[in-house]
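[1] Starting from these lines, generate the structure:
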Amino acid sequence: MTDRPWHTEKLGRTALIGNGSTPRRETAAYWNGGEFPWLNSSVVNESRVGHADQFVTEAALRECHLPVVAPGSILVGLTGQGKTRGMATILDIEATVNQHVAYVTPDRSTWLPDYLLWSLRVSYGELRRMSEENGSTKGGLTCEALKQYRLVVPPLKEQRAIADYLDRETARIDTLIEEQQRLIELLRERRRAVALHAIDQQIDAGATADKLGRSARIGNGSTPRRETTNYWYGGEFPWLNSSVVNQSRVTQADQFVTDVALSECHLPIVAPGSVLVGLTGQGKTRGMATLLEIEATINQHVAYITPDRGTWLPEYLLWSLRASYDDLRRLSEENGSTKGGLTCEALKQYRLAIPSLDEQRRVATYLDEQTAKIDSLIGETERFIELSRERRAALITAAVTGQVDVREMV
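    Residues are numbered from 1 along each chain as shown. Here you go, the predicted structure:
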């Protein structure tokens, strides 16, 4: 890099940086009939911003002193506990922004917008760290911090070469990742189909169906108040939320409550061998099932199903409920609960086929063997995706920092 005129510069010296605001929602003149695009920080999760779903009026622009941000500006998330803070995207339209997103409008004699976007994306980790060190509350970047942030500035011709190279190479990697993600979905569908077929055969073979509540104890828990320290501080009893149902087995916890919480909050003590089912959630969690292998308690968003061992082999009951996932999802949307959700009562009324214990053991062993092969393929594919993402990140960093000379690459 020493033979090329690259240099570092504070971003504020080569770009106009600021943020906007949110006009009062109760002022109809600011929103009704508005036609000028208004963006919040969620847009920084997009690859490019070419449209808006909220609009403000000319009165809002004028009276609220909203900035008019030009196309080619980079938008950076300033706040947020998720991944949004520090994320960057490029604006392809004229728009204004709220207070949680910064616009970086580059001096075109210094920056090619597409290159500046890549450069700020490479800086994501550093911007996150900086946001936690600058004294702002709850973690947040500031426009002043962005103005002081130093970036490497190559000549414009090299910026163009780097941006074109990265657009091309990352598109190839992204396509490969998307193909592998589709493969994982196909493998998961195959896994569900294998389980569903094996369970359905028991119905065809004449296994008796009965309401689950007649052969299992079913309930859910609660969340002790976080502000009550003697419910949590020094706690040693495992407490689980519904995220655990995405695991194949539950063998440990990362949150613990005290004996006081168990007693005063009437938390259930759930025995090993119980099946846990997600009750709520707009993602895949609702209806998912896992097997509990430790003694634990749970929150209100997950149900425990502790089977009668004279009727159910826990491993078979797990497979039976996993095979019922689609049906449980439909049931949750039809039972009148708000925002989609199962209930313990619906699970008690849910009918499942109950083969003999010997047959349950045979089916569970078969499914463990068959799905282990599929799980191995899923694991290999997930590792490939992770390596591809690491390769993508390394490629971007090397190009933007000048570790590779893209001018020599075809």
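[2] Val244: neighbour count?
    23 (other C-beta atoms under 10 Å). All C-beta atoms are positioned from the backbone trio N, CA, C, and that covers glycine.
[3] Regarding the nearest residue to Ser215 once chain neighbours are set aside, what is its secondary structure?
    In space, and not counting its chain neighbours, Ser215 is closest to Thr311: 4.1 Å by C-beta to C-beta, 6 or more residues apart in numbering. At Thr311 the chain is in coil, as set by DSSP: H, G, I helix; E, B strand; the rest coil.
[4] can you pull the pLDDT of Thr311?
    pLDDT for Thr311: 97.
[5] Roughly how far does it sit from Tyr103?
    Distance, Thr311 to Tyr103, by C-beta to C-beta, to the nearest Å: 63 Å.
[6] Of those two, which one has the most company?
    Tyr103 (25 against 14).
[7] contacting residues around the helix or strand harbouring that one?
    Following DSSP states H and E, one finds Tyr103 within strand 101-106. Residues from elsewhere that reach strand 101-106 (C-beta atoms under 8 Å, 6 or more residues apart in numbering): 11, 14-20, 39-41, 43-44, 67, 69-70, 72-78, 91, 97, 113, 116, 120, 141, 143, 146.
[8] Spatially nearest residue to Gln159, not counting backbone neighbours?
    Per C-beta to C-beta, 6+ apart, closest to Gln159 is Tyr115, 3.7 Å.
[9] Now do the helix or strand hosting that neighbour: which elements does it pack against?
    Assigned by DSSP H and E, Tyr115 belongs to helix 113-122. Where contact means 3 or more C-beta pairs under 8 Å, 6 or more residues apart in numbering; DSSP states H and E, helix 113-122 is packed against strand 74-77, strand 88-91, strand 101-106, strand 150-153, helix 156-204, helix 357-400.
[10] which other residues reach stretch 62-70?
    Outside stretch 62-70, the residues that reach it (C-beta under 8 Å, 6+ apart) are 18-21, 23, 30, 38, 56, 60-61, 75, 91, 94-97, 103, 105.
[11] In helices, which of those fall?
    Per DSSP state H, helices hold the following members of the contacts of stretch 62-70: 30, 60-61.
[12] List the buried residues in the host helix or strand of Ser320.
    Taking DSSP H and E as the definition, one finds Ser320 inside helix 314-323. For helix 314-323, a neighbour-count test (16 or more other C-beta atoms under 10 Å) marks 314-323 as buried.
[13] And the residues you listed, which is closest to Ile173?
    Arg322 (33.1 Å; C-beta to C-beta).
[14] For that closest one, give me the pLDDT.
    On pLDDT, Arg322 comes in at 94.
[15] so who does it touch?
    192, 195, 288-289.
[16] Let's see that with 6 Å instead.
    195, 289 (C-beta atoms under 6 Å, 6 or more residues apart in numbering).
[17] And for Gly213?
    With C-beta under 6 Å, 6+ apart, Gly213 has these contacts: Lys348.
[18] Looking at it now. What's its pLDDT?
    97.
[19] Surely it is in a helix?
    Yes. Assessed by three-state DSSP, Gly213 belongs to a helix.
[20] hmm, back to that, which of the buried residues of helix 314-323 sits closest to Ser274?
    Pro314 (7.4 Å).
[21] so how far is Gln360 from the closest one?
    Separation of Pro314 from Gln360 (C-beta to C-beta): 9 Å.
[22] Check the buried residues of helix 314-323 against Leu183 and report the nearest one.
    Distance to Leu183 across those (C-beta to C-beta) is lowest for Arg322, with 20.6 Å.
[23] orientation of whichever helix or strand comes after the helix holding Ser320 relative to helix 156-204 in degrees?
    Next along the chain after helix 314-323, taking DSSP H and E as the criterion, comes helix 325-334. Angle, helix 325-334 to helix 156-204, by axes from the mean of the first three to the mean of the last three C-alpha atoms, to 10 degrees: 90 degrees.
[24] CA atoms only: put helix 325-334 into CSV for me.
    What follows is helix 325-334, C-alpha atoms only, in CSV (Å, rounded to 0.1, in the frame of the first residue of the first chain):
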residue,chain,number,x,y,z
TYR,A,325,-45.7,-29.0,14.5
ASP,A,326,-47.8,-27.8,11.6
ASP,A,327,-51.0,-28.9,13.2
LEU,A,328,-50.1,-27.2,16.5
ARG,A,329,-49.3,-24.0,14.5
ARG,A,330,-52.7,-24.1,12.9
LEU,A,331,-54.4,-24.8,16.2
SER,A,332,-52.7,-21.8,17.8
GLU,A,333,-54.1,-19.5,15.1
GLU,A,334,-57.7,-20.9,15.5
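[25] Surely the residue nearest to Gln159 touches Ala163?
    Yes. Under the criterion of C-beta atoms under 6 Å, Tyr115 makes contact with Ala163 at 4.5 Å.
[26] shaky segments in the stretch 201-350 of the chain?
    Filtered on pLDDT under 70, the stretch 201-350 of the chain yields the residue ranges 335-340.
[27] Neighbours of the residue nearest to Gln159, how many?
    Using other C-beta under 10 Å, Tyr115 has 23 neighbouring residues.
[28] isn't there a strand covering Leu276?
    Yes. Going by three-state DSSP, the assignment for Leu276 places it inside a strand.
[29] if we can go back for a sec, touching, the residue nearest to Ser215 and Arg217? I think so.
    No. Under the criterion of C-beta under 6 Å, Thr311 is not in contact with Arg217, lying 11.8 Å apart.
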